[in-house]
Every structure is written in C-alpha cells, then in structure tokens.
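Trainee: I'll drop the sequence and a predicted model, then ask my questions.
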Amino acid sequence: MNEWPPPLQEIINEFKDCFDRMERYELLFEYATKLPHELQAKDWTEENRVKGCQSEAHVECTLDENGGFQLHGAADANLVQGLIAILAIGVNGLPPSEVALINPEFVDEMDVKASLTPSRANGFMNMFEMIRQTAKIMSKEV
Amino acid sequence: MEGGQPLVYFDNAATTQKPKQVIEAMNSYYENTNSNVHRAVHTLAGEATEGYEMARTEVAAYFGAPRDHLIFTSGTTEAINLVAYGWARANLSKGDVILTTEMEHHADIVPWQILSKERGIEIRYIPLERDTLTLDMEAFEIGVQEASLVCVVHTSNVLGVRNDVERIIELSKTTGKKGSGAFVMIDAAQAAPHERINFVELGCDFMALSSHKMGGPTGIGGLFVKPEIMETMIPFISGGDMIETVTLEGSTFQKGPQKFEAGTPRIAEAFGWHASVKWLSKFDMKMVHEHVSNLAKMTAKKMSSIPGIRIYGRHDLNTCSGVVSFLHDSIHAEDLAHLLDSGGFAVRTGHHCAQPLMEALGVSSTARVSFWIYNTVEESDAFIDYLTSIVEKFG
C-alpha cells in the first residue's frame, strides 16, 4: 500500500469519488485551472518539453527559500495540464529527497491512467521521470 | 464501453472494422489450410498456394488488373518504399526530380527524402492552395515539366479532398520530363475503400494501397505495377521465395511479383483480403461513395454551426470522401478526442502522419471523424448532440 503526501491523498480521494470517466475528466479540467506555478508559453523550451506527449507539455523544477520543491508547468491540452497541476499541488513544498521517491502509481489509484491513451500515459511517465530525476539531483545539492 | 455504452466507430480512415466474411476466411485458413506456400508438394501446401495466388488474381481483378501486376506488401507504406528502393534507386539518379505535394502522408514523403539524400535526387512539392484546400494545379503544370517521377495522393486522409488524379496522370505522361513523360505513383490508400479504381484504365505506373482500410486485415497491402516497369525493378528485400537459384557465387531471381515477396508471405492476410474484395464486390461502390460522402457533408454542415468548431475540408464538393477534420477554438484536439471517447465515439486526433499539410493549414493537429459503409445518419446525429454538449460544458 502506497502512502502519499496528504495533499495528493486528498486529490486521490476526490477522484475515487467520481461516478464515471466523464466526471474524472471534468475534475481534471478543473485542476488544469489550479496550476500553482504556470510556466508561461514564452518560457517553453526544448529543454523543458515533455517528450512522448502528443500535446505540448513543459515542466521546470525549482527550490523555494525553505529548500522545498516547486513544480512549474503548463500544457496546451487541459487534461495534461490537469495532471501537472495535481502533481504540483501534491508535491510542492516537500523536500526534493521525498519527491524523488514518489511512486507514479497514484494515477492508477485515481483511476485516471486507464482513461489516458497509451501515448498520453507514456508522456505522463516521461514527465514524472523528468521531475523525479531533477528532484534526485536537487536532493544531493541541498 | 464503460457502463455498457454503445461504441460508435468513426476512425475508418485509420482502419476499418472487418466483415465476418474476412474473419471467417482467415480463421478457416488457419483451421483447415495452414501451410507454407510455393514450397512443399503435400496437399495442404498446394491448397495454401492455390488460395494465396487466387487472392492475388481476385484482388488484382477488383482493381481492373491482371494478376501479374500486383505485388503483395505489408501495406501502402511498404508499397511506396518498394517504389523508392526497388524502382527509383535503379532508375533515377542525380539531376532527376521527384514531384510530390504538400498534401501527402509521411509514407509518400519520407522515402523520397531518404533517397534524395542518398542519390542527390531533387524533391519538389506542389503547394496546397490555402483558400480552396486543393492542389495548386497551375504550379503542377509547370513543375511536372521537370519531373521524372510524380507521386500524388489520390484522396487526402486529412481533408477528404480527392485530387484530379486523371488530369495529373495525363499531364505527367504528356508534359512530364520535358515532354518525354514522367512516371506516376498514386497513393490510393484512402480512395480504395469507397471508389472502384481501375489501375489499367487509370494509366499510372504504380499504385499503392492497404487492405485494412477496405475491410481487409492489417499486415497486407499491395503495389500495382505495369509489368514492363516491374522488370526494371531491383529486389528491395531478399531471401527465400523470391529466388530462382542460389549458389555460393550468386543468385537468380523469380520473375514478376514474387521477385519482390521475400520470405514466407502474408498467407492468411491474403485470404482475408480476398474475402474483403469479394464482400465489397457486392456493393455498388458509387452508392458507397455517395453514402460516406453524404455522411461527411451532413456532419460537417451540422458541426460548423456548433460555436467554436472549425472544419478543414471541402465538403461542398461531391468528390469529398468520408473524412471530416475539425478543431475547437478552446478545447485541444486531444482533449476533444478523450471527451468524445468517454461518450463512446471513437475519433482520431493528431497530425495524421501529414505534418507538412498541418503546417500548410497552420495547425499542429486536428480531430478527425471518418465514415464507412456501416456508419449511419443516426450515429452522426448522436455524435453532433454529444459534441454540442461537450462544447457547452468545456468550451
């Protein structure tokens, strides 16, 4: 049984309460509007682009003044941006060493992964890996 | 679908569903006839060979050609690659020009780019007229004069526009290559499902198509080639079945299509494709075209009245195929496809393997619905209702 950071657990519970796929999509669209740190289109670069995504998705990671992890991101598709927002809400403020250990299985628990096309699921895993690797490097630097 | 929801399949330009005759033919082959072809003398091998070669005869006949005009390939992509590697490599060189268009599928662009790099052959592209979404035929008339090979898509997989291939072939033959005539390759993958094409009457040199877009199985398609041109082609893939004799000093090859079908061929798939053309032969293809074209026209017309929806295509033309590409001003194409899928509507999204065309249209992707024989007006109406509700909720 995985243990998730409390904000992420809260979101997982919210998705578990959804009646069907359409309701889960509606919730993802809602989260797309709640990105804590939106990466503006002018800052989208080849370096921060998530590879393997059919849509354009970009993420960047920084540390706040307390050494807490902060995820910045955006996508041109709302369902992807919703996933970025959920991840950001779930991990922002955590020590990077903890972010580096997060398991991507939370999307299975949210019952969202089954609603993603293979390319989008693949894109999500690439994004997750990018974030985890950066957190790993940051945790060594802190 | 989730909750027992019915599925409406609107992704026929990617691949069609298979009639039970096709599935039964393939099952029957595996249950009763399974054996390798062209080799052993036993009865089963004889039956398999007979069925495989009968498939060649009947599929070729469906396209108005004798059996020695048809090389079985894995599909349209391999067929075009066979023209590039088997014919162009042996017959074109530096200084030759290949003329193709902005409307092509990647399968009719990338092989020429690879060849161009390797051999210094020049590729020129006929542009799309941005206002009419048709090929710039004035540019074609000029461009074809320098061309040794003309490669054109019969019907666009994105726009549903049918090119005037008859005129393109005529111009290529009369004015191509400084009046001596250019060779012509037609990509008929999207046309074959709803138009009865007669390869011999059409008069092109090569025609590529796929079985799975016309009710047949995946994994098989064909390249139609005039026999005198086939003789000038070199093998693209070599090994078993395509040889006549092999010694340690060298090999000689089979004549005709078999020279290009190395290794154990797609036997069950050939049985399946045969069954699909037999099944399609029962239909009046003019009526099939009218049916899919009318569904596309009707759907496009209704969609264009949904706020924010933009349609890409020429659904005012009777020649249009069963394809409607579209976008919404504020809902991303991929989001649209996911939302439509949750309502049971299978639609395609992406660049449709036609990125240069996407660039010409000024977009990176579109959503696309595509119809075939079994789709109905009721399905189209249900789609319009559902799309309208999605746009109201998410737009």
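Mentor: Cool, got the structure. The structure presented is a predicted model; accordingly, all values stated were derived computationally and were not measured.
Trainee: mind checking pLDDT for the spatially most central residue of chain B?
Mentor: Centroid-nearest residue in chain B: residue B:189, 1.3 Å away (criterion: C-alpha atoms, centre = their mean). Per-residue pLDDT puts residue B:189 at 97.
Trainee: so it: helix, strand or coil?
Mentor: Residue B:189 falls in the coil class when you classify it by DSSP: H, G, I helix; E, B strand; the rest coil.
Trainee: gap between the two ends of stretch B:313-320?
Mentor: Taking C-alpha to C-alpha, to the nearest Å, the first and last residues of stretch B:313-320 lie 8 Å apart.
Trainee: which residues touch the closest residue to chain A within the stretch 151-300 of chain B?
Mentor: Nearest to chain A, among the residues of the stretch 151-300 of chain B, is residue B:158, at 15.9 Å (C-beta to the nearest C-beta). C-betas here are computed from N, CA, C, even on glycine. Contacts of residue B:158 were listed using C-beta atoms under 8 Å, 6 or more residues apart in numbering or on different chains, and they are B:103, B:312, B:313, B:323, B:325, B:352, B:354, B:357, B:358, B:361, B:366, B:368.
Trainee: what do you get if the cut-off is 7 Å, keeping everything else the same?
Mentor: With contacts defined as C-beta atoms under 7 Å, 6 or more residues apart in numbering or on different chains, the neighbours of residue B:158 are B:312, B:325, B:352, B:354, B:357, B:366, B:368.
Trainee: same question for residue B:123.
Mentor: For residue B:123, the contacting residues are B:98, B:100, B:112, B:113, B:116, by C-beta under 7 Å, 6+ apart.
Trainee: what strand or helix carries it?
Mentor: strand B:122-126 (DSSP states H and E).
Trainee: what pairs with the helix or strand that comes right after that strand, parallel or antiparallel?
Mentor: Of the helices and strands lying after strand B:122-126 in sequence (DSSP H and E), the nearest is strand B:128-129. Each strand paired with strand B:128-129, and its direction, by DSSP bridges: strand B:134-135 (antiparallel).
Trainee: and the strand it pairs with, how far from the chain's centre?
Mentor: Chain-centre distance of strand B:134-135: 18 Å, with C-alpha atoms, centre = their mean, to the nearest Å.
Trainee: so what pLDDT did the closest residue to chain A within chain B get?
Mentor: Using C-beta to the nearest C-beta, the point where chain B gets nearest to chain A is residue B:332, with a distance of 3.9 Å. pLDDT, residue B:332: 93.
Trainee: contact partners for it?
Mentor: Listed by C-beta under 7 Å, 6+ apart, the contact set of residue B:332 reads A:55, A:76, A:77, A:78.
Trainee: try 6 Å this time
Mentor: The neighbours of residue B:332, taking C-beta atoms under 6 Å, 6 or more residues apart in numbering or on different chains as the test, are A:76, A:77.
Trainee: now swap in residue B:259 and tell me
Mentor: When the contact criterion is C-beta under 6 Å, 6+ apart, the partners of residue B:259 are B:235, B:242, B:253.
Trainee: right, and the second one touches residue B:262 too?
Mentor: Pointing back at residue B:242 there. Yes. With the criterion set as C-beta atoms under 6 Å, residue B:242 and residue B:262 qualify as a contacting pair; they are 4.4 Å apart.
Trainee: burial count for the nearest residue to residue B:144 once chain neighbours are set aside?
Mentor: Taking C-beta to C-beta, 6 or more residues apart in numbering or on different chains, and ignoring the residues beside it in sequence, residue B:144 has residue B:176 as its nearest neighbour in space, at 5.0 Å. Burial of residue B:176, expressed as a neighbour count using other C-beta atoms under 10 Å in any protein chain shown, amounts to 25.
Trainee: now do residue B:330
Mentor: Summarising burial for residue B:330: neighbours were counted as other C-beta under 10 Å, giving 12.
Trainee: residues of chain A that sit close to chain B?
Mentor: By C-beta under 6 Å from any C-beta of the partner chain, the part of chain A that sits against chain B consists of A:21, A:22, A:54, A:55, A:76, A:77, A:78, A:79.
Trainee: go with 7 Å
Mentor: When proximity is defined as C-beta under 7 Å from any C-beta of the partner chain, chain A approaches chain B at A:20, A:21, A:22, A:25, A:29, A:54, A:55, A:76, A:77, A:78, A:79, A:115.
Trainee: the fourth one in helix, strand or coil?
Mentor: I take that to be residue A:25. Residue A:25, by the three-state scheme (three-state DSSP), is helix.
Trainee: what about it, how many residues nearby?
Mentor: 24.
Trainee: need the contact list for it.
Mentor: Residues in contact with residue A:25, defined by C-beta under 7 Å, 6+ apart, are A:79, B:338, B:339, B:342.
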